[in-house]
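1. What would the 3D arrangement of this be:
(one chain, ligands or ions: 2)
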Amino acid sequence: MAKDPVRVLVTGAAGQIGYAIVPMIARGAMLGPDQPVILHMLDIEPAAESLNGVKMELIDAAFPLLRGVVATTDVQEACKGVNIAVMVGGFPRKEGMERKDVMSKNVSIYKAQASALEKNAAADVKVLVVANPANTNALILKEFAPSIPEKNITCLTRLDHNRALGQISEKLNVHVGDVKNVIIWGNHSSTQYPDVNHATVTTSGGEKPVRELVANDQWLNTEFITTVQQRGAAIIKARKLSSALSAASSACDHIRDWVLGTPKGSWVSMGVYSDGSYGIQWSIVQGLKIDEFSRGKLDATAQELIEEKSLAHSCLN
Ligand SMILES: NC(=O)c1ccc[n+]([C@@H]2O[C@H](COP(=O)([O-])OP(=O)(O)OC[C@H]3O[C@@H](n4cnc5c(N)ncnc54)[C@H](O)[C@@H]3O)[C@@H](O)[C@H]2O)c1
Ligand SMILES: O=C(O)C[C@H](O)C(=O)O
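-> Ligands and ions are numbered 1, 2, ... in the order given. So this is what the prediction gives:
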């Protein structure tokens, strides 16, 4: 029997990531090749014409899974009945800026849109915040949408996760699909800690630890970490624009694995509200051994998140 369509909201849909992600969703990259979708696209008034152009292109592409498109600048209309909300709307950072620098512009958007989601979205809406500062925007959204279960409000660290997989695959000259179980701890920022202590590579001789195969702790503890931490800035320097295709693709990965699950024995990274307990759709992997080096990195990125939280609240006062 044909499945009922799922309503997917993309905010900031006329922007770079929006333009990259809507065809991916319409092709089934987010929810699977047999799941029809209705796209809800939101942007602000100055981008209305451009948003309408994206809608025209979606129609022209004749995606069989696409059962409808709502393109609007009205946040209430955009949020009506949505099952998945991918929150991309906001301002990207430019060369030389830290993610914190876009804080005051973006957190107030998340406060306003939290209420619209709470009022209009499906009661079990799953929310992914992409716009920066992603973790703090997600926290603000959670605070101002108290009736959305906090387990359902997440932010994107999957791009960092995928970047870490990519760096290991390049270093070892192995297929990226054979590398798994890296972890991104903490903030989607330059204090994040990409951890390979539990990561493995599938080889013809079975699963081998990444640390054993790389056999270069010096590289793993320095250059590898800073490359992943600084990858967003490196893309901005190279493109003069922040990452878009990789962000869009990783956002699809995030929702797909959340909705459809990860294969047994493997995990992925997502920014979640941490309460230490197991959830219904996702669960936090427990019992991992954290060494002293990792502890220091975890504490630094946690401290930054605490500082961002109070900065965000001061922007809203
Ligand atoms: N978490 C991640 O891994 C990650 C990766 C890449 C980019 N980002 C962030 O994603 C965001 C979007 O990046 P982009 O490159 O697509 O930027 P962009 O400027 O190309 O697009 C953003 C869009 O949001 C729209 N917008 C602004 N305010 C809005 C509002 N109140 N409601 C709805 N739409 C609104 C803009 O009009 C624009 O069309 C930025 O904050 C960027 O830093 C996060
Ligand atoms: O780094 C940025 O500002 C954009 C994005 O968060 C990224 O990591 O590419």
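
2. Those residues of the stretch 101-250 of the chain touching ligand 2, which are they?
-> Residues of the stretch 101-250 of the chain lying close to ligand 2 by C-beta under 6 Å from any ligand atom are N132, L159, G232, A233, I235, S242, S243. (Glycine included, C-beta is placed from N, CA and C.)

3. Compile those into JSON lines and extend it with columns for pLDDT.
-> Putting those into JSON lines (pLDDT from 0 to 100) gives the following:
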{"residue": "N132", "pLDDT": "93"}
{"residue": "L159", "pLDDT": "98"}
{"residue": "G232", "pLDDT": "96"}
{"residue": "A233", "pLDDT": "94"}
{"residue": "I235", "pLDDT": "96"}
{"residue": "S242", "pLDDT": "93"}
{"residue": "S243", "pLDDT": "97"}
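
4. and stretch 235-255 with ligand 1, contact?
-> Yes: judged by C-beta under 6 Å from any ligand atom, stretch 235-255 comes into contact with ligand 1 through S242, S243, A244, A247.

5. Identify the residues contacting that stretch?
-> Contacts to stretch 235-255, defined as C-beta atoms under 8 Å, 6 or more residues apart in numbering, come from residues 16-17, 19-21, 24-25, 29-31, 84, 86, 88, 92-95, 126, 128, 130, 154, 156, 158-159, 161-163, 231-232, 268, 270.

6. got the buried residues for that stretch?
-> Residues of stretch 235-255 classed as buried by neighbour count (16 or more other C-beta atoms under 10 Å): 235-236, 242-244, 246-255.

7. same thing with stretch 284-294?
-> Taking 16+ other C-beta under 10 Å as the criterion, stretch 284-294 shows S294 as buried.

8. Model confidence score at the nearest residue to L31 once chain neighbours are set aside, please.
-> The shortest distance from L31 to any residue other than its chain neighbours is 5.9 Å, reached at V6 (C-beta to C-beta, 6 or more residues apart in numbering). We have a pLDDT of 98 for V6.

9. Which parts of the stretch 51-200 of the chain are strands?
-> Shown for the stretch 51-200 of the chain, the strands assigned by DSSP state E, counting those that start in this stretch span residues 66-72, 84-87, 126-129, 153-155, 179-180, 183-185, 193-195, 200-203.
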